[in-house]
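Chemist: prediction below, plus the sequence it came from.
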Amino acid sequence: MKLDVRLAGPLSGGAEQARQAEAMGFDGAWTSETQHDAFLPLILAAEHTTRLALGTSIAIAFGRSPIVTAHLAWDLSALSEGRFLLGLGTQVKGHIERRYGLTWDAPGPRLRDYIKALRAIWDCWQHGTPLNYRGEFYFHTLMTPFFNPGPIAHPRIPIHIAGVQPYMCRLAGELCDGFQVHPFHSAKYLREVVLPNMEEGLTASDRKRADLCLASSAFIVTGRDTAEMEAARRNVKSQIGFYASTPNYRVILECHGWGQVAKDLTRKSVQGDWEGMAALITDEMLDAFAVVGTPDEVPLKLRQRYTGLLDRLAVYETFRPDGDLTAQRALLAAFPR
């Protein structure tokens, strides 16, 4: 099991976060695309580490042309000496259309086309292959020497994709190097939805399970006393309620027979009833979607839940060297290096 951290916050903190994560013995660090750009912190992280794998989990594919993403990934792979992992996600219709101001259609097939376009561009740069990619959604047929960065020492950039629905699990198995499972998940969902569909994709491309890295982060509910435990419960229930209100994520609740709760959460999110959403998350649901226990109990529970299911694991809490690292230390204790 590879153990990772989640980096977040202002760009100025990226170098120190990465340095400390590497010093503590973590294997990788991932950035997300929420309030900040996902790629920029990894420039600093690459300059100030020597061993840590560095990845985007995730960067929004449809907010960028494949040629833009290709350049970013190429430069980061060169700078990090092959430690960069490109994690891509689609986001959802409302955000692509109303936040990014771009077109949304057929996200699964479009992402498939996007990945193929990236690899065609990289092949052109590395081997001098004429660029002549003509896909269903993307066309790249012009690459003059002035815009060609040329070959690099580590051109095989691993591509991970994120997803929830069966199609994305199959696409990862068929075409990708890794699959980023949403933090809102359960062991049952992994076994009954993710793994079977991933295996179907692997079979279609004549590959094996070892050819695909399965990565995720876990919600942790822990605390040194009753007050801290209750605060953590409230916080994680709110986070689960927020994610579970997204219609595209209903498959996760439906896997447990909680489909009606998913519909109720969506309705409350439209009403802006955030407290009401958290109240719908029962302790049974919390136990399914989070690891709950004292700091001494959490390592064993992490080991029991994820051994044999995932290849890389982080905790959902952002890694802050000057903050509370209880959850991260529990992860290190669960899977000793």
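Modeler: On my side now, so go ahead. Residues are numbered from 1 along each chain as shown.
Chemist: contacting residues around the residue positioned nearest the centre of the chain?
Modeler: Taking C-alpha atoms, centre = their mean, the centroid of the chain lies closest to S57, which sits 3.6 Å from it. When contacts are counted by C-beta atoms under 8 Å, 6 or more residues apart in numbering, S57 touches R6, W30, T31, S32, A38, G87, H160, A162, Q180, A215. Backbone N, C-alpha and C define where each C-beta goes, glycine included.
Chemist: per-residue confidence at the closest residue in space to A187 that isn't next to it in sequence?
Modeler: Counting by C-beta to C-beta, 6 or more residues apart in numbering, the nearest residue to A187 once its immediate chain neighbours are dropped is R305, at 5.4 Å. pLDDT for R305: 98.
Chemist: check G323 too.
Modeler: Listed pLDDT for G323 reads 88.
Chemist: A helix includes the residue nearest to A187, no?
Modeler: Yes. Per DSSP: H, G, I helix; E, B strand; the rest coil, R305 lies within a helix segment.
Chemist: contacting residues around it?
Modeler: With contacts defined as C-beta under 8 Å, 6+ apart, R305 is in contact with A187, A218, V291.
Chemist: so how far is G128 from it?
Modeler: Shown here: R305 relative to G128, a distance of 48 Å by C-beta to C-beta, to the nearest Å.
Chemist: now do D273
Modeler: D273 sits at a distance of 58 Å from G128 (criterion: C-beta to C-beta).
Chemist: so between the two, which is more surrounded?
Modeler: More crowded of D273 and G128, by other C-beta atoms under 10 Å: D273, with 15 against 11.
Chemist: for that one, grab phi and psi.
Modeler: phi -90, psi 80 (degrees, to the nearest 10).
Chemist: equivalent analysis for the one 3 residues further on, please.
Modeler: Main-chain dihedrals, G276, degrees, to the nearest 10: phi -60, psi -30.
Chemist: nearest to T144 among the contacts of S57?
Modeler: Set against T144, the nearest of the contacts of S57 by C-beta to C-beta is A38 (28.7 Å).
Chemist: contact partners for that closest one?
Modeler: For A38, counting by C-beta under 8 Å, 6+ apart, the contacting residues are T31, S32, T56, S57, I58, A59, I60.
Chemist: let me know the pLDDT of it.
Modeler: Note on A38: pLDDT of 96.
Chemist: what helix or strand is the closest residue in space to the residue nearest to the centre of the chain that isn't next to it in sequence located in?
Modeler: Among residues not flanking S57 along the chain, W30 sits closest, at 3.8 Å (C-beta to C-beta, 6+ apart). Using DSSP states H and E, W30 maps to strand 28-31.
Chemist: so what touches the helix or strand just after that strand?
Modeler: Going down the chain from strand 28-31, the next helix or strand is helix 40-47, by DSSP H and E. Residues from elsewhere that reach helix 40-47 (C-beta under 8 Å, 6+ apart): 7, 11, 14-15, 17-18, 29, 31, 52, 54-56, 76, 79-80, 83-84.
Chemist: rewinding a little: now do the buried residues in the strand holding W30.
Modeler: Of the residues in strand 28-31, those buried by neighbour count under the rule 16 or more other C-beta atoms under 10 Å are G28, A29, W30, T31.
Chemist: turn these into JSON lines, columns for pLDDT.
Modeler: Written out in JSON lines, the entries for those read as follows (pLDDT from 0 to 100):
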{"residue": "G28", "pLDDT": "98"}
{"residue": "A29", "pLDDT": "98"}
{"residue": "W30", "pLDDT": "97"}
{"residue": "T31", "pLDDT": "96"}
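Chemist: and the two most separated of the residues you listed?
Modeler: Among the buried residues of strand 28-31, the pair separated by the greatest distance (C-beta to C-beta) is G28 and T31, which sit 10.9 Å apart.
Chemist: who touches both of these two?
Modeler: Both G28 and T31 are in contact with G55, where contact means C-beta under 8 Å, 6+ apart.
Chemist: hey, what's A218 bridged with?
Modeler: When assigned by DSSP bridges, A218 has beta-bridge partners V315.
Chemist: so it touches A290, yeah?
Modeler: Yes. Applying C-beta atoms under 8 Å, one finds A218 in contact with A290, separated by 7.2 Å.
Chemist: okay, now the domains of this structure?
Modeler: Split into domains by automatic domain parsing, the chain comes to 2-225+293-334, 226-292.
Chemist: for the stretch 101-250 of the chain, which segments count as strands?
Modeler: Remark: strands assigned in the stretch 101-250 of the chain by DSSP state E, counting those that start in this stretch are 133-134, 139-140, 159-163, 178-181, 213-221.
Chemist: for stretch 67-74, buried residues please.
Modeler: Buried residues in stretch 67-74, counting neighbours by 16+ other C-beta under 10 Å, are found at I67, T69, A70, H71, L72, A73, W74.
Chemist: find the nearest non-adjacent residue to the last one, please.
Modeler: Meaning W74. Closest to W74 by C-beta to C-beta, 6+ apart is P149, at 5.9 Å.
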